[in-house]
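Provided below for reference: sequence and predicted model.
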Amino acid sequence: MQKLPEIIQSGYHQDERGILTFFNDLDLTHVKRVYVIEHPDTKIVRAWKGHKMEQKWFLVIAGSFKVLAVQPDDWNHPSHNWPFNDFFFKSTDTPVLHFPVSFANGFRALAPGSQM
């Protein structure tokens, strides 16, 4: 069965002390590295980055991003018209986007100074 990208929802609690955002459904067992990517403007596109054997998780922490995901049919000579999924996230949304093994991704900031 083919796994597809999934959105892992977060939750939050707010009281007089502030807001606590939690990710109780996020399993970090397979996370090996953590990066923060900052785009200074909206012209920069990072694509296509992918791994045959690694998963990826994305969380927008500032600004907003458009994220694309594609599962290549052939890693050495992929089709150019392969269908893709697109996602739009802003920092006020707090879900985590999970790409399972064998997906390539691309993204572009939709606001200057965005971080993911």
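It's in.

please pull out the lowest mean pLDDT helix or strand from the chain.
strand 45-50 (a mean of 86; mean pLDDT, DSSP states H and E).

relative to residue 52, how far out is residue 91?
31 Å (Cβ to Cβ, to the nearest Å). (Glycine included, C-beta is placed from N, CA and C.)

same question but for residue 98, I mixed them up
Separation of residue 98 from residue 52 (Cβ to Cβ): 17 Å.

in contact with residue 26, which residues?
8, 10, 57, 96 (Cβ atoms under 8 Å, 6 or more residues apart in numbering).

max pairwise distance over those: which two?
Greatest spatial distance among these (Cβ to Cβ): 10 and 57, at 12.1 Å.

give the contact list for the residue nearest the centre of the chain.
The C-alpha lying nearest the average C-alpha coordinate of the chain belongs to residue 58 (Cα atoms, centre = their mean; 3.0 Å). Residue 58 makes contact with 65, 67, 89, 96, 97, 99, 105, 107, 116, according to Cβ under 8 Å, 6+ apart.

just checking, which of these belong to helices?
Using DSSP state H, no member of the contacts of residue 58 falls in helices.

okay, these in JSON lines with distance to residue 20, neighbour count and pLDDT next?
As requested, the contacts of residue 58 are exported to JSON lines (distance: Cβ to Cβ, whole Å; neighbours: other Cβ atoms under 10 Å; pLDDT from 0 to 100):
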{"residue": "65", "distance to residue 20": "24", "neighbour count": "24", "pLDDT": "96"}
{"residue": "67", "distance to residue 20": "25", "neighbour count": "22", "pLDDT": "94"}
{"residue": "89", "distance to residue 20": "20", "neighbour count": "23", "pLDDT": "92"}
{"residue": "96", "distance to residue 20": "16", "neighbour count": "17", "pLDDT": "94"}
{"residue": "97", "distance to residue 20": "21", "neighbour count": "22", "pLDDT": "94"}
{"residue": "99", "distance to residue 20": "27", "neighbour count": "24", "pLDDT": "90"}
{"residue": "105", "distance to residue 20": "29", "neighbour count": "22", "pLDDT": "91"}
{"residue": "107", "distance to residue 20": "27", "neighbour count": "25", "pLDDT": "94"}
{"residue": "116", "distance to residue 20": "21", "neighbour count": "22", "pLDDT": "95"}
